[in-house]
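Student: compute the structure for the input listed below.
(one chain, ligands or ions: 3)
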Amino acid sequence: MQRYSIALLPGDGIGQEVVAAARRVLEAAGERFALRFDFKPYDWGSDYYFQHGVMMPVDALQRLREHDALLLGAVGHPDIPDHITLHGMLLPIRRGLDLYANVRPAVLFQGVNSPLKGYAAGSIDLVVVRENTEGEYAPVGGFVHHHHPAEVAVQTAVFTRQGCERVIRYAFDLAGRRGGKRLVSSITKSNAQSYGMVLWDRVFREIAAEYPGIRTESLLVDAAAMDFVRRPSEFDVVVASNLFGDILSDIAAIVTGSIGLAASANLDPGKRNPSLFEPVHGSAPDIAGRGIANPLATILAAAMMLEHLGLDEAASAVDGSVRAALASGAALTPDLGGSATTASATAAVIANLG
Ligand code: NAD
Ligand code: IPM
Ligand code: MN
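Tutor: Ligands and ions are numbered 1, 2, ... in the order given. Below you'll find the predicted structure:
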């Protein structure tokens with residue numbers, strides 16, 4: 001029997017509920033496909049912070065490196081400033097493990113309504129590839145005259161040639177593998193951000209020349225935000241900087257029904273480090289603890305994890321079970337206009353796994 005060591009990082013709020021749900025689905029998939037998952041739960045996050053003054057221990061990355069893959073829920077607590085929680089846990093993991101490709105698919109599934117009129121199931125099927133280690137999220141900057149009337153804050157975006165090249169190349173390779181529209185859309189704001197994003201645009205043109213079979217377009221982010229609403233079905237692979245990819249992936253999520261369906265993979269494509277799988281959404285304090293969080297984003301992230309581990313059959317079984325549970329109406333939680341609970345939606349997915 002093949003064995004896999006999986007770190008569970010449920011974190012905060014609904015992260016606890018959706019990771020527990022995804023674990024049950026992985027266990028069911030393990031039984032069906034004769035795979036053994038050794039889950040190691042970590043209690044890092046905001047409760048850990050209240051006890052220890054840090055979100056995770058100093059040797060956290062070292063410990064995470066020992067696993068085959070990592071599954072995370074969400075980070076963020078209403079009583080702790082977000083820059084402390086997120087710079088104490090999620091962002092250092094993405095950077096520390098060099099998980100440079102953040103892959104965020106958005107598909108309009110059968111049984112799910114888009115808030116946009118006239119889109120049939122499957123007619124929106126795109127993936128945002130977000131640069132995940134630098135750009136606007138680089139921890140570069142500081143305060144001068146901190147908390148004094150003359151206070152100044154400096155926040156610097158960092159774009160490296162290597163950082164642009166590798167994520168753009170990942171996007172082109174993905175467009176080739178998907179074999180769909182074979183289109184890569186690059187998103188910047190190089191009319192205003194005249195250094196980092198000018199470098200990005202130049203690197204994009206250079207890499208594009210290596211892929212003559214793939215069409216390209218370069219959009220400014222304001223127009224791209226409009227086009228995600230105006231013509232979402234025309235996109236295939238969209239590659240963007242850290243911040244722009246973050247924003248566009250929430251738009252992609254809502255035009256395909258709900259943020260509760262949006263899965264993501266934070267990948268080290270070279271597999272030197274374990275990759276991290278998580279829903280796109282946050283800790284949702286407004287619904288936490290009520291048993292109504294949509295678990296499907298995290299379950300779909302678990303399917304991406306199976307695929308990354310090379311377990312294609314199990315991955316497509318989980319993905320297919322989610323699609324069937326949505327199509328039957330059994331997994332429509334309140335965010336999708338239904339009355340399923342976290343537990344009943346999860347049970348519907350597991351039932352379809354057979
Ligand atoms: P959020 O994604 O937590 O919630 C936005 C809205 O979507 C809320 O109305 C929420 O109820 C709803 N929602 C989110 N996930 C859902 C699900 N699975 N099922 C049903 N409804 C769902 O974003 P926010 O409110 O801006 O942020 C809350 C906290 O989470 C903040 O502390 C923020 O920093 C953090 N955050 C963390 C991550 C992460 O860990 N990856 C991502 C986004 C936000
Ligand atoms: C996400 C989140 C995070 C991000 C925040 C919480 C730092 O919004 O994963 O989309 O911007 O990366
Ligand atoms: Mn986000």
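Student: mind checking the SS state of the closest residue to ligand 1 within the stretch 251-354 of the chain?
Tutor: Of all residues in the stretch 251-354 of the chain, Gly282 sits closest to ligand 1, with a separation of 2.3 Å (C-beta to the nearest ligand atom). Yep, even glycine has a C-beta here, placed from its N, CA and C like the rest. For Gly282, the assignment made with DSSP: H, G, I helix; E, B strand; the rest coil gives coil.
Student: hang on, it packs against His77?
Tutor: No - counting by C-beta atoms under 8 Å, His77 is not a contact partner of Gly282; they are 10.4 Å apart.
Student: which residues do these two both contact?
Tutor: Overlap between the contact sets of Gly282 and His77, as judged by C-beta atoms under 8 Å, 6 or more residues apart in numbering, is given by Gly13.
Student: can you pull the buried residues of the biggest strand by length in the chain?
Tutor: Of all the elements of type strand in the chain, the one with the most residues (DSSP state E) is strand 2-11. Of the residues in strand 2-11, those buried under the neighbour-count criterion (16 or more other C-beta atoms under 10 Å) are 4, 6-11.
Student: next: stretch 52-69.
Tutor: The neighbour-count criterion (16+ other C-beta under 10 Å) identifies 55-56, 60, 64, 67-69 as the buried residues of stretch 52-69.
Student: just those residues: which are in strands?
Tutor: Ala69.
Student: still on that earlier bit, got the contact list for the residue of the stretch 251-354 of the chain closest to ligand 1?
Tutor: By C-beta under 8 Å, 6+ apart, the contact list for Gly282 reads 13, 74-76.
Student: cool, Thr298 as well?
Tutor: Taking C-beta under 8 Å, 6+ apart as the contact definition, Thr298 lies against 18-19, 21-22, 71, 73, 263, 278-279.
Student: and Leu219, that one's in a strand?
Tutor: Yes - counting by three-state DSSP, Leu219 is part of a strand.
Student: check it and give its pLDDT.
Tutor: The predicted local confidence for Leu219 comes out at a pLDDT of 98.
Student: how about the residues of the stretch 151-300 of the chain by ligand 2?
Tutor: Taking C-beta under 6 Å from any ligand atom as the criterion, the neighbours of ligand 2 within the stretch 151-300 of the chain are 246, 280, 282.
Student: go through these and name the one nearest Ala157.
Tutor: Ala157 has its nearest neighbour among these in Asp246, at 13.2 Å by C-beta to C-beta.
Student: what's the lengthiest helix in the chain packed up against?
Tutor: The helix that spans the most residues within the chain, counting by DSSP state H, is helix 14-33. For helix 14-33, the elements it packs on are strand 2-11, strand 35-41, strand 69-74, helix 296-308, helix 312-327, helix 342-353, judged by 3 or more C-beta pairs under 8 Å, 6 or more residues apart in numbering; DSSP states H and E.
Student: make JSON lines out of those and add mean pLDDT and distance to ligand 1.
Tutor: Written out in JSON lines, the entries for those read as follows (pLDDT from 0 to 100; distance: least, C-beta to the nearest ligand atom, whole Å):
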{"stretch": "strand 2-11", "mean pLDDT": "98", "distance to ligand 1": "6"}
{"stretch": "strand 35-41", "mean pLDDT": "98", "distance to ligand 1": "17"}
{"stretch": "strand 69-74", "mean pLDDT": "98", "distance to ligand 1": "4"}
{"stretch": "helix 296-308", "mean pLDDT": "99", "distance to ligand 1": "6"}
{"stretch": "helix 312-327", "mean pLDDT": "98", "distance to ligand 1": "13"}
{"stretch": "helix 342-353", "mean pLDDT": "98", "distance to ligand 1": "8"}
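Student: switch those over to JSON lines; also include distance to Phe172.
Tutor: Compiled in JSON lines, the helices and strands packed on helix 14-33 are given as follows (distance: least, C-beta to C-beta, whole Å):
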{"stretch": "strand 2-11", "distance to Phe172": "29"}
{"stretch": "strand 35-41", "distance to Phe172": "32"}
{"stretch": "strand 69-74", "distance to Phe172": "25"}
{"stretch": "helix 296-308", "distance to Phe172": "19"}
{"stretch": "helix 312-327", "distance to Phe172": "22"}
{"stretch": "helix 342-353", "distance to Phe172": "33"}
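Student: and the buried residues of strand 2-11, which two are the farthest apart?
Tutor: Distance extremes for those: the farthest pair is Tyr4 and Gly11 at 20.9 Å, using C-beta to C-beta.
Student: what residues does this protein put near ligand 1?
Tutor: With C-beta under 6 Å from any ligand atom as the criterion, the chain comes near ligand 1 at residues 14, 18, 74-76, 82, 86, 90, 259-260, 278, 281-287, 293-294, 297, 335.
Student: for the stretch 201-350 of the chain, which spans come out with low pLDDT?
Tutor: Scanning the stretch 201-350 of the chain for pLDDT under 70 picks out no residues.
Student: in it, what residue comes closest to ligand 2?
Tutor: Of all residues in the stretch 201-350 of the chain, Asp246 sits closest to ligand 2, with a separation of 4.1 Å (C-beta to the nearest ligand atom).
Student: the helix or strand hosting that residue packs against which elements?
Tutor: Assignment of secondary structure by DSSP states H and E places Asp246 within helix 242-255. Using 3+ C-beta pairs under 8 Å, 6+ apart as the contact criterion, the neighbours of helix 242-255 among helices and strands are strand 101-107, strand 125-131, strand 183-188, helix 221-230, strand 237-240.
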